[in-house]
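Chemist: Starting from these lines, generate the structure:
(2 chains)
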2 protein chains.
Amino acid sequence: MRRLVILAEGSFSVFKAKTAVGVIRYSPNQTVAVVDSTQAGKTVQEVLGFGGEIPIVASVSDSLQFQPDTLLIGIAPTGGQLPPHFRKEVLCAIEHGLDVWSGLHEFLSEDSELSHAANAAGVTIWDVRKPRTGLVVASGRALHTRAFVVLTVGTDCNSGKMTTALELEKFAQGRGWDARFVATGQTGILIEGKGTPLDAVPGDFMAGEVECLVMEHDAEGADVIFVEGQGALLHPGFGPVTLALMLGAMPDAMLLCHVEGRTTYRPDHTVPLPSMSLVIQTYEALLQPYKAPRIHGICLNTVELTDAEANRAIEQQKAEFGLPVCDPVRTGVAEIWEALEPLVRQ
Amino acid sequence: MRRLVILAEGSFSVFKAKTAVGVIRYSPNQTVAVVDSTQAGKTVQEVLGFGGEIPIVASVSDSLQFQPDTLLIGIAPTGGQLPPHFRKEVLCAIEHGLDVWSGLHEFLSEDSELSHAANAAGVTIWDVRKPRTGLVVASGRALHTRAFVVLTVGTDCNSGKMTTALELEKFAQGRGWDARFVATGQTGILIEGKGTPLDAVPGDFMAGEVECLVMEHDAEGADVIFVEGQGALLHPGFGPVTLALMLGAMPDAMLLCHVEGRTTYRPDHTVPLPSMSLVIQTYEALLQPYKAPRIHGICLNTVELTDAEANRAIEQQKAEFGLPVCDPVRTGVAEIWEALEPLVRQ
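Modeler: Now for the predicted structure:
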């Protein structure tokens, strides 16, 4: 288990530091401190509403007292470049013998100053978003898994697909199943320790990467595999990534994630979301020649609502679609798992 | 206009040198010689059945008498590496002042021996398959083109989508329309001189690349834009590339390309093709929330059939689907264009 210090200088919040927040919530590694000089002295609990007494400090130097062994870049800014004011903190970490984990599009291991410093200090830089070599094209192998494969899909990107998959993995494990998580984005990979950075893989090989990961878990004897979704099938930009997941994973079931109240595709907001019933119909129709997976539940992201508003939204969707509906964080995934478990058992 | 010598050593045939064949058939550049020592002394016409008196010679050195200014790598082998026995021919071309055009996955401009030689000789290496920098995510801009956008799609990869688009571009231009071709694969780019090597673009940016190219032609006043398809929507490996074209181009119409008699997806042949009616239904259903494009014609690739067999297949499909059906190479695209022209005129 690693002892992480998370660098989120000037950005530590639920909305600005998705990577930090996901790792604090779900990683088996221990976060020993967060660096954000604008909030130094607070605890993570005070800022996020969870995370306990993890201290927020002003610099990497101030975090060394908590004996971290790894610096994690905790943000994923637009464009994916290292913010210039992060550089001295990264160098400080390297000089003190910390490994560096980064999910930026800019590869820190290819930055001459940082890679030179890392070599000198004998530490490792892990660029999570760098596709591996030896990529292969998918061939439909996942049609023949022994495990039951569940893919989280969305009405849009950024709707809770990773969280849903992780909550279900944990829940199913608690019920005694060999449940696995396939990470397909940088935060998921940092949590799981492996996976594929699907948004950085060349188009021809995306489905192949997913297929390889699913088949590995299947060969190891998994009962149920939860594959982290990306994008949304009809999203003008990110649809292809979603289709790669569908064809690579060949799911037996899908769960639809939706942010309650959202009406346009992020990040441009120029294209309206289709109705949820049309979205469900489109997802279910597409893989007809294969396993013909159905949507078995809806996971509502109600983070911006009150409890009463969230419950009203959940009840409304249940009535409309006749499916289990939950908010994985607010209400848990028990009801969704109850719907899936008999299928997994078959 | 360039004077090309095409290197296809040991491989010059319709089936093994798709890049060479496409460029000879469609490029406005002039092919002055083909290098294949195993067929030296023949003409291109004798080997391909078209191409006229272009000589086949034993080496790049033997081609210099025809004053080429550019060497084109004419094959696209599995894995996309430069075959070792090609290297001395490429070096010979560089030393004699020829530019080098390559569609290999291996970037020749990043090969230290070749790039050093190119610098010394003052020639340029163009790696057609290298994605440009500054990639953007698609935002649905192609929903608002003034031009009529036609996308060629397939029941499988390698079924005639580029050929169909190029034949239609030429035919429509002959009727006086401002018709454009959007190249999305290495051979298309070599023919057109620009485009996007979609299979090498990271997943998140594929649709954006297509959108940019379509919008450029639209801004320049095109009447009709033929977008070169890739893959096939339900192909286990290549489906995502197809979806990127659909979402990036937001077509007004689609044409379905099919190789008569093919029953399994290439290259693995482990997964059966769905019925053509299910394929048509799936393509037409997917973009419902957008322009809801229909399949307006079927382009049959009948290269392996006799004329009588080809005509029988074409008539059979016409009867079954009530659509114009042609083989773009054997019978021409007039009937397909007649069906599209009234829509373009609107």
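Chemist: contacts and neighbour counts: CA atoms only from here.
Modeler: Noted.
Chemist: any idea how far residue A:116 is from chain B?
Modeler: Distance of residue A:116 to chain B, computed by Cα to the nearest Cα, to the nearest Å: 22 Å.
Chemist: try residue A:79
Modeler: Residue A:79 is 10 Å from chain B, by Cα to the nearest Cα.
Chemist: wait, isn't that residue in contact with residue A:105?
Modeler: Yes - if you go by Cα atoms under 8 Å, residue A:79 and residue A:105 touch, sitting 7.1 Å apart.
Chemist: of these two, who's got more company?
Modeler: residue A:105 (20 against 11; other Cα atoms under 10 Å in any protein chain shown).
Chemist: tell me which element that one is part of?
Modeler: Assigned by DSSP states H and E, residue A:105 falls within no helix or strand.
Chemist: For it, which non-adjacent residue is spatially closest?
Modeler: Of all residues not flanking residue A:105 in the chain, residue A:80 sits nearest, at 4.5 Å (Cα to Cα, 6 or more residues apart in numbering or on different chains).
Chemist: Equivalent analysis for residue A:125, please.
Modeler: The spatially closest residue to residue A:125, leaving aside those adjacent along the chain, is residue A:100, at 4.7 Å (Cα to Cα, 6+ apart).
Chemist: Now for that neighbour: which residues touch it?
Modeler: By Cα atoms under 8 Å, 6 or more residues apart in numbering or on different chains, the residues touching residue A:100 are A:70-73, A:90, A:93-94, A:123-126.
Chemist: Tell me if it really is in a strand.
Modeler: Yes - according to DSSP: H, G, I helix; E, B strand; the rest coil, residue A:100 belongs to a strand.
Chemist: returning to what we had before: could you identify the most distant pair in the contacts of residue A:100?
Modeler: Farthest pair in these (Cα to Cα) is A:73 and A:123. Separation: 15.5 Å.
Chemist: Settle it for me: which of these two has more neighbours?
Modeler: Neighbours per residue, other Cα under 10 Å: of residue A:73 and residue A:123, the larger number sits with residue A:73, 23 against 20.
Chemist: Relative to residue A:98, how far out is that one?
Modeler: Note on residue A:73: its distance to residue A:98, by Cα to Cα, to the nearest Å, is 12 Å.
Chemist: can you check residue A:327 too?
Modeler: 37 Å.
Chemist: With neighbour numbers in mind, choose between the two.
Modeler: Higher neighbour count among residue A:327 and residue A:98: residue A:98, with 27 against 23, using other Cα under 10 Å.
Chemist: quick one: contacts for residue A:92?
Modeler: A:60-61.
Chemist: what's across from the closest residue to residue A:324 other than its chain neighbours in the sheet?
Modeler: Closest residue in space to residue A:324, ignoring its immediate chain neighbours: residue A:297 at 4.9 Å, by Cα to Cα, 6+ apart. Listed beta-bridge partners, residue A:297: residue A:255 (assigned using DSSP bridges).
Chemist: Residue A:297 touches residue A:325, doesn't it?
Modeler: Yes - assessed by Cα under 8 Å, residue A:297 is found in contact with residue A:325 at 5.8 Å.
Chemist: Return the residues in contact with residue A:78.
Modeler: The neighbourhood of residue A:78, defined by Cα under 8 Å, 6+ apart, contains no residues.
Chemist: Kindly recompute the last result at 10 Å.
Modeler: Contacts were defined as Cα atoms under 10 Å, 6 or more residues apart in numbering or on different chains; by that measure residue A:78 touches A:104-105.
Chemist: Please report phi then psi for it.
Modeler: phi -60, psi 130 (degrees, to the nearest 10).
Chemist: With residue A:105 as the reference, measure out to it.
Modeler: 9 Å.
Chemist: Residue A:258 contacts residue A:231, correct?
Modeler: No - using Cα atoms under 10 Å as the test, residue A:258 is too far from residue A:231 to be in contact (11.6 Å).
Chemist: which neighbours do those two share?
Modeler: Common contact partners of residue A:258 and residue A:231 (Cα under 10 Å, 6+ apart): A:153-159, A:161.
Chemist: Tell me the most packed of these, by neighbour count.
Modeler: For the shared contacts of residue A:258 and residue A:231, neighbours were counted using other Cα under 10 Å, and residue A:153 has the most, 33 neighbours in all.
Chemist: What mean pLDDT does the helix or strand where it lies get?
Modeler: Here residue A:153, judged by DSSP H and E, is contained in strand A:148-154. Here strand A:148-154 scores 98 as its mean pLDDT.
Chemist: Neighbouring strands of that strand in the sheet, and parallel or not?
Modeler: Sheet pairing for strand A:148-154, assigned by DSSP bridges, gives strand A:224-227 (parallel), strand A:253-259 (parallel).
Chemist: Mind checking what helix or strand follows the shortest one in sequence?
Modeler: Under the assignment DSSP H and E, the closest C-terminal helix or strand after strand A:224-227 is helix A:239-249.
Chemist: Of the contacts of residue A:100, which is the most crowded?
Modeler: residue A:71 (29 neighbours).
Chemist: Report the contact partners of it.
Modeler: By Cα under 10 Å, 6+ apart, residue A:71 lies in contact with A:2-7, A:31, A:33-35, A:60, A:89-90, A:92-94, A:97-102, A:125.
Chemist: ok, back up a step: okay, and the common contacts of residue A:73 and residue A:98?
Modeler: A:5, A:90.
Chemist: Can you dump the C-alpha atoms of the strand holding residue A:153 in CSV for me?
Modeler: Taking Å, rounded to 0.1, in the frame of the first residue of the first chain, the C-alpha atoms of strand A:148-154 are listed here in CSV:
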residue,chain,number,x,y,z
PHE,A,148,-21.1,-11.9,-16.0
VAL,A,149,-20.1,-8.6,-17.5
VAL,A,150,-21.7,-5.3,-16.5
LEU,A,151,-20.9,-2.0,-18.3
THR,A,152,-21.9,1.4,-16.9
VAL,A,153,-23.1,3.7,-19.6
GLY,A,154,-24.4,7.3,-19.5
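Chemist: So which of the shared contacts of residue A:258 and residue A:231 is the closest to residue B:132?
Modeler: For those, the nearest to residue B:132 is residue A:157 (25.0 Å; Cα to Cα).
Chemist: tell me which element that closest one is part of?
Modeler: Going by DSSP H and E, residue A:157 is not in any helix or strand.
Chemist: confidence score at the residue of the stretch 1-150 of chain A found nearest chain B?
Modeler: Across the stretch 1-150 of chain A, the shortest distance to chain B (Cα to the nearest Cα) belongs to residue A:138, at 4.3 Å. pLDDT for residue A:138: 97.
Chemist: quick one: it and residue A:213 touch, right?
Modeler: No - using Cα under 10 Å as the test, residue A:138 is too far from residue A:213 to be in contact (11.2 Å).
Chemist: Looking at these two, which one has more neighbours?
Modeler: Using other Cα under 10 Å as the criterion, residue A:138 and residue A:213 rank with residue A:138 on top: 26 against 22.
Chemist: Identify the residue nearest that one in space, chain neighbours excluded?
Modeler: In this structure, residue A:138 finds its nearest non-sequential neighbour in residue A:208, 3.8 Å apart by Cα to Cα, 6+ apart.
Chemist: what about the one you found, neighbour count?
Modeler: Count around residue A:208 with other Cα under 10 Å applied: 27.
Chemist: if we can go back for a sec, make TSV out of the contacts of residue A:100 and add pLDDT and secondary structure.
Modeler: Shown next, in TSV, are the contacts of residue A:100 (pLDDT from 0 to 100; DSSP: H, G, I helix; E, B strand; the rest coil):
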residue	pLDDT	secondary structure
A:70	98	strand
A:71	98	strand
A:72	97	strand
A:73	96	strand
A:90	98	helix
A:93	98	helix
A:94	98	helix
A:123	98	coil
A:124	98	coil
A:125	98	strand
A:126	97	strand
